[in-house]
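**Q** structure, please.
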Amino acid sequence: MSLRKPGLLLFCIGISGYLFPQQLAWVSKVGARSFPKSPKIFQANQYGAVGDGSTVNSAFIQKAIDACAAAGGGIVTFRPGTYVTGSLFVKSNVELRIDKEVLLLGSQDFADYPEIDTRIAGIEMKWPAALLNFIDVTNAAVTGSGIVNARGKFCWDKYWTMRKDYDAKGLRWIVDYDAKRVRTVLVQNASDITLKNLTFKNAGFWTVQLLYSHHLTVDGLVIKNNEDGHGPSTDGIDIDSSSWTLIQNCDIDCNDDNFCLKAGRDWDGLRVNRPTEYVVIRKCLARRGGGLITLGSETSGGIRHVLATELVARNTDNGLRIKSAVTRGGLIEDIYFRNSQLDSVRNVFQYNLNWNPAYSYSQLPAGYDYHTIPPHWKAMLQKVTPAEKGIPHAKDVYVDNIRATHASTIFGANGLAQSYLSNFVYSNSRFSGNVLGQLEYTSGWKFQNVSISVEKAAAAAKPVSKEVSERLQ
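**A** Numbering: from 1, shown residues only. Prediction:
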């Protein structure tokens, strides 16, 4: 079908036997099951912390956290002030409380962030610890109405300097891993963790990463990563091979994906093979950023059982986004996107199973000795065999009661000849934009009570698929 008339309105009706699930039995089970209970206070200032805006307080704050944990738990607090710190490690049964009159500033010295074993962008490797870390712990929290400003520009500057050099050498695929920028919050191998009500600013890299963990609550966070410029890869919240997670009441303005679900990359991600599953994201706002809801591009372990509902996107690049690559593998399935409003997004739906080849595919340029390169380079270069194992798949995506206005493009969807985007179901929704866009390699797409208003003549080089064209007529 070719759209040639501005203002064309399409009504899509009729799906025999289709029923959108009203209740998902697992939804009530997400989130932290416990919260630190002890009311005992451990004030960081009593352990040497000074809120003068210049003293590096990492060791003093850590002493307060350790004393709190040794006593069986409690609350670590601060007197009003501005506290500079490097990496802190929150322990089990500890609530780190950053109150309204407290400002934490991230150190701008990489030496204050010790390297740890972790995973970054789908690859396990050594990387600096985050500013706030929950590693191998349970029943812990960071709360309060204060501000954590990571002051990440020192990381952004490092990346752009390296990027220029690496691009010239044919190393675009590895520069993100070699730059080793600092995350703001890392939850790793942990359970029953709560992050609540804080404002996070200017992340050096991802703001919140939830990795290899389960039963997590992220509630009421405000993330502002644009105050000191436009930092690369400053994702909002990344749920990474984690499960039973509740994200709610958050407001994210960032320079990459706002809410992102990940599960490992290529050979290393397939080796680990841990899914992200049972995730609820609700009552949140996405401002600038790469995607209101993004699935991928790290999909190797699979992403499934996701409910995203009662969301708002304003000037976000994408509404619902799926991205992967032909070396990544994994299955995306059982995804529910409901009851949400999108205003002035670039793409309402953007699906690409062969995303960003310059970044996604690794090749060692001539002149490098494979035996002397770092281990994470070797992990990135390890071929997936058989090659078919690297083909990603996406199916069973349910879109219901979505209102999208003033979009640039409604559909930008590209499956693969080996992997069609299958059983994407749209119901009770209205989409308006400049162009309809394109759909390639789709099957079993269904529409019920959907209207599409196209403001301009279609500009896409490739039209929607024959199957979808027939359903839209």
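**Q** poorly predicted segments of the stretch 351-473 of the chain, please.
**A** Low-confidence regions of the stretch 351-473 of the chain, defined by pLDDT under 70, span residues 456-473.
**Q** just the chain next, same as before
**A** 1-22, 456-473.
**Q** what about the helices in it?
**A** 58-70, 153-168, 172-178, 266-272, 357-360, 375-381, 466-472 (DSSP state H).
**Q** please identify the deepest-packed of those helices.
**A** Among these, helix 266-272 has the highest mean neighbour count (mean count of other C-beta atoms under 10 Å), at a mean of 22. (C-beta placed from N, C-alpha, C; glycine too.)
**Q** alpha carbons of that helix, as CSV, please.
**A** Only the C-alpha atoms of helix 266-272 are listed here, as CSV (Å, rounded to 0.1, in the frame of the first residue of the first chain):
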residue,chain,number,x,y,z
ASP,A,266,26.7,-12.2,21.3
TRP,A,267,28.9,-15.2,22.3
ASP,A,268,29.4,-14.0,25.9
GLY,A,269,25.7,-13.3,26.5
LEU,A,270,24.7,-16.7,25.0
ARG,A,271,27.3,-18.3,27.3
VAL,A,272,25.7,-16.7,30.4
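**Q** which other residues reach it?
**A** Applying C-beta atoms under 8 Å, 6 or more residues apart in numbering, the contact partners of helix 266-272 are 119, 122-124, 241, 263-264, 298-301, 325, 327-330, 362, 379-380, 382-384, 389-390.
**Q** and the helices of the chain: which comes nearest I41?
**A** The minimum distance between I41 and these falls on helix 58-70, with 8.8 Å, by C-beta to C-beta.
**Q** might you calculate how far that closest one sits from the centre of the chain?
**A** Relative to the centre of its chain, helix 58-70 is centred 30 Å away, using C-alpha atoms, centre = their mean, to the nearest Å.
**Q** neighbours around the closest residue to S233 other than its chain neighbours, how many?
**A** Of all residues not flanking S233 in the chain, D256 sits nearest, at 5.1 Å (C-beta to C-beta, 6 or more residues apart in numbering). Other residues near D256 number 22, with proximity taken as other C-beta atoms under 10 Å.
**Q** may I see the buried residues of stretch 317-336?
**A** 317-336 (16 or more other C-beta atoms under 10 Å).
**Q** sheet partners, orientation included, of the longest strand that the chain contains?
**A** If you go by DSSP state E, the chain has its longest strand at strand 393-414. Here strand 393-414 has these sheet partners by DSSP bridges: strand 331-343 (parallel), strand 347-352 (parallel), strand 421-440 (parallel).
**Q** quick check: buried residues in it?
**A** Taking 16+ other C-beta under 10 Å as the criterion, strand 393-414 shows 393-402, 404, 407-414 as buried.
**Q** what about that strand, distance to the chain center?
**A** 18 Å.
**Q** buried only: go through the contacts of helix 266-272 for me.
**A** The neighbour-count criterion (16+ other C-beta under 10 Å) marks 119, 122-124, 241, 263-264, 298-301, 325, 327-330, 362, 379-380, 384, 390 among the contacts of helix 266-272 as buried.
**Q** okay, the helices of the chain in CSV with distance to I237 next?
**A** Formatted as CSV, those follow (distance: least, C-beta to C-beta, whole Å):
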stretch, distance to I237
helix 58-70, 23
helix 153-168, 18
helix 172-178, 19
helix 266-272, 20
helix 357-360, 21
helix 375-381, 24
helix 466-472, 32
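**Q** indicate which one of those is closest to T194.
**A** Within the helices of the chain, the stretch nearest T194 is helix 58-70; the backing value is 15.8 Å (C-beta to C-beta).
**Q** and the contacts of that closest one?
**A** The contact list for helix 58-70, computed with C-beta under 8 Å, 6+ apart, reads 40, 42-44, 46-50, 74-76, 83, 85-94, 96, 107, 112.
**Q** can you do 7 Å?
**A** Residues from elsewhere that reach helix 58-70 (C-beta atoms under 7 Å, 6 or more residues apart in numbering): 42, 44, 47-49, 74, 76, 85-94, 96, 112.
**Q** in PyMOL, how would I select just the buried ones from these?
**A** In PyMOL syntax, the buried subset of the contacts of helix 58-70 is picked out as below (16+ other C-beta under 10 Å):
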select buried, resi 42+44+47+49+74+76+85+86+87+88+89+90+91+92+93+94+96+112
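**Q** among the contacts of helix 58-70, which lie within strands?
**A** In strands, defined here by DSSP E, the members of the contacts of helix 58-70 are 42, 74, 76, 85, 88-89, 94, 96.
**Q** would CSV of these with distance to Y177 be doable?
**A** Putting the ones in strands among the contacts of helix 58-70 into CSV (distance: C-beta to C-beta, whole Å) gives the following:
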residue, distance to Y177
F42, 37
G74, 38
V76, 33
T85, 26
L88, 24
F89, 23
V94, 31
L96, 29
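**Q** could you identify the most distant pair in the residues you listed?
**A** Largest separation among those by C-beta to C-beta: G74 and T85, giving 19.4 Å.
**Q** how about the contacts made by T82?
**A** By C-beta under 7 Å, 6+ apart, T82 lies in contact with 51, 53, 103, 105.
**Q** quick check: chain neighbours aside, which residue is closest to the first one?
**A** For G51, the nearest residue in space outside its immediate sequence neighbours is G81; the separation is 1.9 Å by C-beta to C-beta, 6+ apart.
**Q** with the third one instead?
**A** For L103, ignoring the flanking residues on the chain, the nearest one in space by C-beta to C-beta, 6+ apart is T82 at 4.5 Å.
**Q** so that neighbour bridges to which residues?
**A** Counting by DSSP bridges, T82 forms beta bridges with D52, L103.
**Q** next one: it from A394, what distance?
**A** 46 Å (C-beta to C-beta, to the nearest Å).
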